[in-house]
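A.B. asks: Turn this into a model:
(one chain, ligands or ions: 2)
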Amino acid sequence: MAAYLNRLHHISLHVSNVNKLAYELVSQYKFDLFAARLSGQSRQLAFRKGAAVFVVNERPNQPPLRLNEPLTGITNGHSFDLNRDNVGKCGGDRHVNCLYDVTPHYSVDSACNVCFEVEDVERSFKVLRDHGCDFLVPPTAVQDDRGLVTYMVVKSIVGNVCHTLIDRTKYKGSFLPGFETVSDSSLDDTSCPVTHFDHITYACSRKATPQVMQWYQRLFGFRRFFIDSNEDVDEGYVLNQDGVGLRLTAMEYWKCSQKGIALNFTDKKEPTCKFVIAESLPEQGRNQVDTFLDQHRGPGIQHIALYTQDIVSTAHTMAEAGVQFFSPPPAYYTEVGKQQEIEEAGHSPQMLAQHGILLDTDVRQGPSPQIESRENRGYLLQVFTKPIFAEDTFFLELIERRGASGFGEGNIRALWRSVQAYMENERGEPQGESTPENLQSAHH
Ligand SMILES: O=C(O)C(=O)Cc1ccc(O)cc1
Ligand SMILES: [Fe+2]
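C.D. replies: Ligands and ions are numbered 1, 2, ... in the order given. As a prediction, the model looks like this:
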């Protein structure tokens, strides 16, 4: 039995300079700051764009004093009931630094908590405990005058990534107890129609993919889906030539219906966020996944894709506001095949080139995906930002899907090349062969 997830609630980032990221999310990425929790010891700010919510947490510069005593508002036992001992009253929880999360003792900025709504926190806790999970926060209740929320935090199998599981069905407020609403009006922003998180990509150690897949399948009922119709069940989607050495495997979560049958969100017209596991392959030399593992000091979330209904307008607005995107080599847009592909999809190569937007066609997922024709080909457009933090680690992606649910090989190759060129030219990082030593250090 798995602990099925209902929906993605928010993704939290832990950074040392909250002001800088807050400024960028609002002024460049056009997110709205809608809720804030300001306590003596920490700041947590919530930003929204459509259904995509980021919580930015202040990461202490110095590791805080180790508290040996149990934290107030957090139950320590394995049983859970809503007695007064484990209901944290907001404002009174002086010891809880980071509400709905843990303060990671991590040395670099990182996107490291993906929070999901579940139907029953206590039931999820029991299921996960029976699977031998590590809990960072056991079931805990938080309330204010708008109601009650219960949550718990579980460590994932991927590097520093944690999952907060939350039940907010008994809560009427706009976000979560403990947060003050900053603004209730979501700006009607037609120039940046970002609606939700499309996917989260993990950078993992070599050969870790099967373990990661199994963990999410067993614990949360995730299902594998194939990125490409020729993908091998065991090997995943392997790109291993021309300098690209990457293994990709994708999965998505399924919601538990009333009858206990797993339902895909797409059946209910509510988009699901996909998860992609990226692993580097040794044959093609050093690459962006290894760089992430090195600079992030271990596996974690490499990028998050924001789904937009109009990538050209979104990329244009964000670029005007100062967002820097990767661009493929200019020749990408003038290659005969690519130019035609772009025009047939109704776009202008010049417009896409202006912001480095990539276009790929994909066989539409349907009853017979093997039969290729003009009609069943969908396409997808993607553009990738340069790293957001000081290290070459986390970045964002914009994606617009037109009947394509996977990822395009051409886009992955183009992204890979532009990142490699950036590492070599702008960052001056040598991109030589991986040595066993630097891979060892990356994988710890
Ligand atoms: O294409 C995408 O958006 C992906 O998410 C796949 C991917 C994953 C990791 C990389 O370093 C490059 C591409
Ligand atoms: Fe992506």
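A.B. asks: The residue of the stretch 101-250 of the chain found nearest ligand 2: neighbour count?
C.D. replies: Proximity of the stretch 101-250 of the chain to ligand 2 (CB to the ion) peaks at Thr201, 4.9 Å away. C-beta coordinates here come from the backbone N, C-alpha and C atoms, glycine included. Neighbourhood size, Thr201 [other CB atoms under 10 Å]: 22.
A.B. asks: helix/strand/coil for the closest residue to Glu235 other than its chain neighbours?
C.D. replies: Excluding the flanking residues, the one nearest Glu235 by CB to CB, 6 or more residues apart in numbering is Arg247, at 7.1 Å. Under DSSP: H, G, I helix; E, B strand; the rest coil, the three-state class of Arg247 is strand.
A.B. asks: who's in contact with Arg247?
C.D. replies: Contact partners of Arg247, counting by CB atoms under 8 Å, 6 or more residues apart in numbering, are 209, 235-239, 278-281.
A.B. asks: Repeat the analysis, applying 6 Å as the threshold.
C.D. replies: Residues in contact with Arg247 (CB atoms under 6 Å, 6 or more residues apart in numbering) are 236, 238, 279, 281.
A.B. asks: how close does the first one get to Gly285?
C.D. replies: Right, Gly236. When distance is defined by CB to CB, to the nearest Å, Gly236 is 20 Å away from Gly285.
A.B. asks: ok, the two, which is more surrounded?
C.D. replies: More crowded of Gly236 and Gly285, by other CB under 10 Å: Gly236, with 23 against 15.
A.B. asks: Which strand residues bridge that one?
C.D. replies: Taking DSSP bridges as the rule, Gly236 bridges to Asp232.
A.B. asks: Does it touch Leu246 like I think?
C.D. replies: No. Look at Gly236 against Leu246 with CB atoms under 6 Å: they stay out of range, at 9.5 Å.
A.B. asks: Which residue, other than its chain neighbours, is closest to Leu380?
C.D. replies: Nearest non-adjacent residue to Leu380, counting by CB to CB, 6+ apart: Ala404, 4.1 Å away.
A.B. asks: again, but for Thr150
C.D. replies: Nearest one to Thr150, counting by CB to CB, 6+ apart, is Val121 at 4.4 Å.
A.B. asks: show me the contacts for the one you found.
C.D. replies: Contacts of Val121 by CB under 6 Å, 6+ apart are 139, 150, 152, 165, 167.
A.B. asks: Just the ones in helices from those residues, please.
C.D. replies: Secondary structure assignment by DSSP state H places none of the contacts of Val121 in helices.
A.B. asks: Output whatever helix or strand Arg401 lives in as CSV, nothing but the C-alphas.
C.D. replies: Using DSSP states H and E, Arg401 falls within strand 395-402. Written as CSV, here are the backbone C-alpha positions of strand 395-402 (Å, rounded to 0.1, in the frame of the first residue of the first chain):
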residue,chain,number,x,y,z
PHE,A,395,17.7,26.6,-12.7
LEU,A,396,14.2,27.2,-14.1
GLU,A,397,12.6,26.1,-17.3
LEU,A,398,9.6,27.5,-19.2
ILE,A,399,7.7,24.9,-21.2
GLU,A,400,4.7,25.2,-23.6
ARG,A,401,3.2,21.9,-24.7
ARG,A,402,1.1,21.5,-27.8
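A.B. asks: Briefly note if the helix or strand following it comes near ligand 1.
C.D. replies: Going down the chain from strand 395-402, the next helix or strand is helix 409-425, by DSSP H and E. Yes. Contact between helix 409-425 and ligand 1, assessed by CB under 6 Å from any ligand atom, occurs at 411-412, 415.
A.B. asks: Next, the angle strand 395-402 makes with helix 409-425.
C.D. replies: 160 degrees (axes from the mean of the first three to the mean of the last three CA atoms, to 10 degrees).
A.B. asks: Show me which residues of helix 409-425 are buried.
C.D. replies: 409-420, 422-423 (16 or more other CB atoms under 10 Å).
A.B. asks: Mind giving me the packing neighbours of it?
C.D. replies: On a contact count with 3 or more CB pairs under 6 Å, 6 or more residues apart in numbering; DSSP states H and E, helix 409-425 meets strand 358-363.
A.B. asks: hmm, the following helix or strand past the strand it packs on touching ligand 2?
C.D. replies: Following strand 358-363 in sequence order, the next helix or strand is strand 377-384 (DSSP H and E). No. On the criterion CB under 5 Å from the ion, strand 377-384 is out of touch with ligand 2, staying 6.9 Å away.
A.B. asks: Output the contacting helices and strands for strand 377-384.
C.D. replies: Counting by 3+ CB pairs under 6 Å, 6+ apart, strand 377-384 packs on strand 358-363, strand 395-402.
A.B. asks: What's the mean pLDDT across it?
C.D. replies: Averaging pLDDT along strand 377-384 gives 91.
A.B. asks: Identify the residues contacting it?
C.D. replies: Applying CB under 6 Å, 6+ apart, the external contacts of strand 377-384 come out as 311, 315, 325-326, 345, 355-362, 364, 397-404, 408, 411, 415.
A.B. asks: CA-only coordinates of it in CSV, if you can.
C.D. replies: Provided in CSV are the C-alpha atoms of strand 377-384 (Å, rounded to 0.1, in the frame of the first residue of the first chain):
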residue,chain,number,x,y,z
ARG,A,377,2.7,14.9,-34.1
GLY,A,378,2.6,17.3,-31.2
TYR,A,379,5.3,19.7,-30.3
LEU,A,380,6.8,21.3,-27.3
LEU,A,381,8.7,24.5,-26.7
GLN,A,382,11.2,25.0,-24.0
VAL,A,383,13.7,27.6,-22.7
PHE,A,384,16.1,27.3,-19.8
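A.B. asks: who are the neighbours of the helix or strand encompassing Val154, in terms of helices and strands?
C.D. replies: Using DSSP H and E, Val154 maps to strand 147-155. In terms of contacts (3+ CB pairs under 6 Å, 6+ apart), strand 147-155 is packed against helix 121-130, strand 135-144, strand 162-167.
A.B. asks: Save those as TSV, and put in mean pLDDT and distance to Ala36 too.
C.D. replies: TSV is the format used below for the helices and strands packed on strand 147-155 (pLDDT from 0 to 100; distance: least, CB to CB, whole Å):
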stretch	mean pLDDT	distance to Ala36
helix 121-130	97	24
strand 135-144	96	14
strand 162-167	98	18
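A.B. asks: Understood, closing this out.
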